[in-house]
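please find the sequence and the predicted model below.
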Amino acid sequence: MLARVAAVTAAGIDLLIVLFQIALIAGAPWGQLTQGGYAEGALPVAGRAFAAVSVLVIVAFALGQLGRVGWGPLRGRRRLSTGLTWAALIYSLLGFGMNLASPSSLERAVWAPVCLILAACAAMVLAGTQRRRPNAK
């Protein structure tokens, strides 16, 4: 039950992140909130391309975690959903560290906690969906 709540929570947060990335791609003036905060205003073309790749990665992570708990198009694809959930955990932990080190105070304040929450959700999904093995005698 907790694994499903964590997967849905992560997917909801991931949806908000995807919407944020799409806004960046479209030219929203939020460069200080992402990618080290180096861009004031809208991201340059390279930053927008990076945001587009991020959309694909984040969607894959969300689908993986939902699949791990038996929902969505990846349900029943245990190896793939497990790999994506582990990748989401590692990516979120790395993102937490990178966002803490960001020169942008806005990026640190917003994304470090988000990454930590996403890492906790991925860990709960993994822990809550482990296959139980019978005791060996």
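Received the coordinates, thanks.

what's the end-to-end length of stretch 23-30?
Stretch 23-30 has an end-to-end distance of 9 Å (Cα to Cα, to the nearest Å).

for Ala26, phi and psi?
The phi and psi values for Ala26, taken as degrees, to the nearest 10, are phi -80, psi -10.

who's in contact with Cys104?
Small correction: residue 104 is Ser, not Cys. By Cβ atoms under 8 Å, 6 or more residues apart in numbering, the contact set of Ser104 is 32-33, 36-38. For the C-beta atoms, the positions are set from N, CA and C on the backbone; glycine is no exception.

for those, which one is nearest Ser81?
Of all the contacts of Ser104, Ser81 sits closest to Leu33, with 30.0 Å by Cβ to Cβ.

centroid residue for the protein?
Among the residues of the chain, the one closest to the centroid is Ile58, at 5.1 Å (Cα atoms, centre = their mean).

that residue contacts Gly12, doesn't it?
No: if you go by Cβ atoms under 8 Å, Ile58 and Gly12 don't touch, sitting 12.0 Å apart.

where does pLDDT dip in the chain?
In the predicted model, the chain carries pLDDT under 70 at residues 132-137.

just the helices in it please.
2-25, 45-68, 78-100, 105-128 (DSSP state H).

just the buried residues of the second one, please?
Buried residues in helix 45-68, counting neighbours by 16 or more other Cβ atoms under 10 Å, are found at 47-48, 50-51, 54-55, 57-68.

swap in the shortest one?
Of the residues in helix 78-100, those scored as buried under the neighbour-count criterion (16+ other Cβ under 10 Å) are 81-82, 84-86, 88-89, 91-93, 95-96, 99.

next one: the last one
Applying a neighbour-count criterion of 16+ other Cβ under 10 Å, the buried positions in helix 105-128 are 107-108, 110-112, 114-119, 121-126, 128.
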